[in-house]
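>>> no sequence on this one, just coordinates:
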């Protein structure tokens, strides 16, 4: 067996042992690469087919994923639009009693605050369920039959 030296790198690459190894192993390596390529092509074709498939199941899954994204992202508009009136009135009442130094609220304002808090709690539960509903939709989408 030849020893490779710094000056004889080219002769080392073309030594009988290296050439024999290349001759014997290269068909196996080529077959392995071709098989990997075929598997990748099958996976790519299946993915494209299943994505573009117009079956009712695929359409339902797509609708569920889209619905999950929409329901989850509606939390911000819900807070601003639906809860805005309740939040605004609570802030007004807080500013009214914070600025004048009164420690006691009037009975009508206290009743209004209690009513607004009860309303805010219901709206907040509904708002908190939006991401939960969205995540359940996304989790169940692949399981549709």
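It's in. All figures in this text were calculated on a predicted structure; none of them were measured in a lab.
>>> now the helices for the protein?
Secondary structure of the chain (DSSP state H): helices located at 9-13, 16-52, 56-73, 75-77, 84-99, 107-140.
>>> Relative to residue 57, how far out is residue 131?
Distance of residue 131 to residue 57, computed by Cβ to Cβ, to the nearest Å: 26 Å. C-beta here means a position set from N, CA and C on the backbone, and glycine is covered the same way.
>>> between the two, who's got more neighbours?
Counted by other Cβ atoms under 10 Å, residue 131 and residue 57 do not tie: residue 131 has more neighbours, with 15 against 11.
>>> Now that one: closest residue in space, sequence neighbours ignored.
residue 72 (5.1 Å; Cβ to Cβ, 6 or more residues apart in numbering).
>>> what pLDDT does that neighbour get?
If you check residue 72, the pLDDT there is 90.
>>> Same question for residue 135.
On the pLDDT scale, residue 135 is placed at 91.
>>> same thing with residue 118?
94.
>>> repeat for residue 54
On the pLDDT scale, residue 54 gets 67.
>>> i'd like the first residue to be 26 from this point on
All right, first residue 26 from here; so that's residue 79.
>>> Roughly how far does residue 95 sit from residue 145?
For residue 95, the distance to residue 145 - Cβ to Cβ - is 24 Å.
>>> who's more crowded, these two?
residue 145 (16 against 12).
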